[in-house]
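Visitor: show me the folded form of this:
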Amino acid sequence: MLNKALRVQNIDILFVLRFLIVDIHNQLIKESSNTSISRLYRGQVMSKDELSRIRSSIGEFISINSFLSTTRSPKKALEFAQSAQCEAQYECVLFKIKVESRIKAKPFADISRLSYFPAEEEILIMLGSIFRLESVHFDKQQQIWVADLDLCNEDDHDLKQVFDYMKKEIGSETTLISLGNLFNVMGELDKAEKYYKRLLNQLSVGDSGIPYCYVGLGNVARHKREYDLALMNYNKALKIFLKALPPDHPDIAQTYNNIGGVQGDKGEYDLALINYDKALKIRVKALPPGHPHIAETYGNIANVQGDKGEYDLALMNHDKALKIFLKALPPDHPDIAQTYNNIGGVQYDKGEYDLALMNYDKALKIFLKALPPDHPDIASTYRNMGLVHEATCTWQSALEYHNKAATIRRRSLAITHPQLVTTESDIRRVKAQLK
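Guide: Have a look, this model is predicted:
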């Protein structure tokens, strides 16, 4: 049940079983001191689509989101894979995993003495382990696909800095608020809303967590374009913060920032700038000069200026934001990507299409590395690139990018959602040009 919940990301079950996961982790650490391994094996069946994705990922990192059962015995792994009855849409795969004894990796241990089947020589690897995919080939003699993996040092893989920073930002404590915040970052808005509301119903009057639930619900509503609901929740949070916190507290600044964001979305640009200015004054006073939250506010002010047609002012403030982000954040952080995206948007509005496409491409490369593949920001960037190609009458390229945006949005949005409706309209418009 646990591994299935991990595979399908059933957070309800995982939240209930979080103590079991921690206990297994601690037991693996304890048992790992007695484990000496250089090579592990795993035989399994997987769909042809999944195998195709793996074959296209050679040289890249793979993160396993469940506990991984392996064996010391290549014979046992091969028998396990070949014993399965493969239907037409499935393939048998043997994973060969190279393990360096000195690396810092998630714990793994020989659990054969604890198993009902000790002859399987089972080695259990902790969930979240990172592997580099070295090669994939078909073994004609054994009639099986073989994938060679290296268990990676946790300090080596490309996104370590980003993961560490985002973990720090979200917080290490596992609460319903932290889960909601994580889902917000992932773009899983309905799940985020569920956990904020659950906690709000559980808290007693006056609890310090209440305003943070309202902030979370405001974030969800804003992402869903339910702007009046977002403002209602942000204002509830602000009233509590103003009574409970010092006037220059960063959480007050963040709430002004959030309110300004919704007002900008509604086209109330002057009101938005007033609230962004309130946020900026608090942050400049309360935070170090190179803090990312100051950069965030410069970027938000720039977005409003861009919407007002003040393009040169917008680019100036986006540049201020970018310089701070590049110094303060890991190089593949999504906030850097979003800033490139924003700069590209202003350049698009100015008719500087080559520069716009260059910055959209910078944003896309970071988003694809740092975010889940179906994240809304990736879809938005694909659409932005499609619009640039429309403006330059490169219709086939425009259609390709709009289709990529549509693929993501069709998976995650209702057919009546404004973003999906817009994307479907984009596709029809470009197809009409190609006729």
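
Visitor: now for His318: which residues touch it?
Guide: His318 is in contact with 298-299, 302, 339, 342-343, 346, counting by Cβ atoms under 8 Å, 6 or more residues apart in numbering. C-beta coordinates here come from the backbone N, C-alpha and C atoms, glycine included.

Visitor: just the ones in helices from these, please.
Guide: 298-299, 302, 339, 342-343, 346 (DSSP state H).

Visitor: what about the helices in the stretch 201-350 of the chain?
Guide: 210-223, 227-244, 250-265, 269-286, 292-307, 311-328, 334-349 (DSSP state H, counting those that start in this stretch).

Visitor: enumerate the positions of the last one that are buried.
Guide: Along helix 334-349, the positions that meet the burial threshold by neighbour count (16 or more other Cβ atoms under 10 Å) are 334-348.

Visitor: elements contacting that helix?
Guide: helix 292-307, helix 311-328, helix 353-370, helix 376-391 (3 or more Cβ pairs under 8 Å, 6 or more residues apart in numbering; DSSP states H and E).

Visitor: which stretches of the chain have low pLDDT?
Guide: The model of the chain has pLDDT under 70 over residues 1-19, 33-36, 65, 84-87, 101-104, 154-176, 186.

Visitor: got the domain ranges for it?
Guide: For the chain, automatic domain parsing gives the domain ranges 2-153, 163-434.

Visitor: please identify the deepest-packed of these.
Guide: Among these, domain 163-434 has the highest mean neighbour count (mean count of other Cβ atoms under 10 Å), at a mean of 18.

Visitor: tell me the gap between it and the middle of its chain.
Guide: Relative to its parent chain, domain 163-434 has a centroid offset of 13 Å by Cα atoms, centre = their mean, to the nearest Å.

Visitor: of all the contacts of His318, which comes closest to Val136?
Guide: Thr339 (36.4 Å; Cβ to Cβ).

Visitor: who's in contact with the closest residue in space to the closest one that isn't next to it in sequence?
Guide: Excluding its sequence neighbours, the residue lying closest to Thr339 (Cβ to Cβ, 6 or more residues apart in numbering) is Leu322, at 4.8 Å. By Cβ under 8 Å, 6+ apart, Leu322 lies in contact with 295, 336, 339-340, 343.

Visitor: on that earlier part again, want to throw the ones in helices among the contacts of His318 into TSV with distance to Arg113?
Guide: Below are those laid out as TSV (distance: Cβ to Cβ, whole Å):
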residue	distance to Arg113
Tyr298	59
Gly299	56
Ala302	61
Thr339	53
Asn342	57
Ile343	58
Val346	63
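
Visitor: of those residues, closest to Asp110?
Guide: Nearest to Asp110, judged by Cβ to Cβ, of these is Thr339 at 47.7 Å.

Visitor: residues touching the closest residue to Asp319 other than its chain neighbours, list them.
Guide: Counting by Cβ to Cβ, 6+ apart, the nearest residue to Asp319 once its immediate chain neighbours are dropped is Ile343, at 7.8 Å. Counting by Cβ under 8 Å, 6+ apart, Ile343 makes contact with 315, 318-319, 322, 359.
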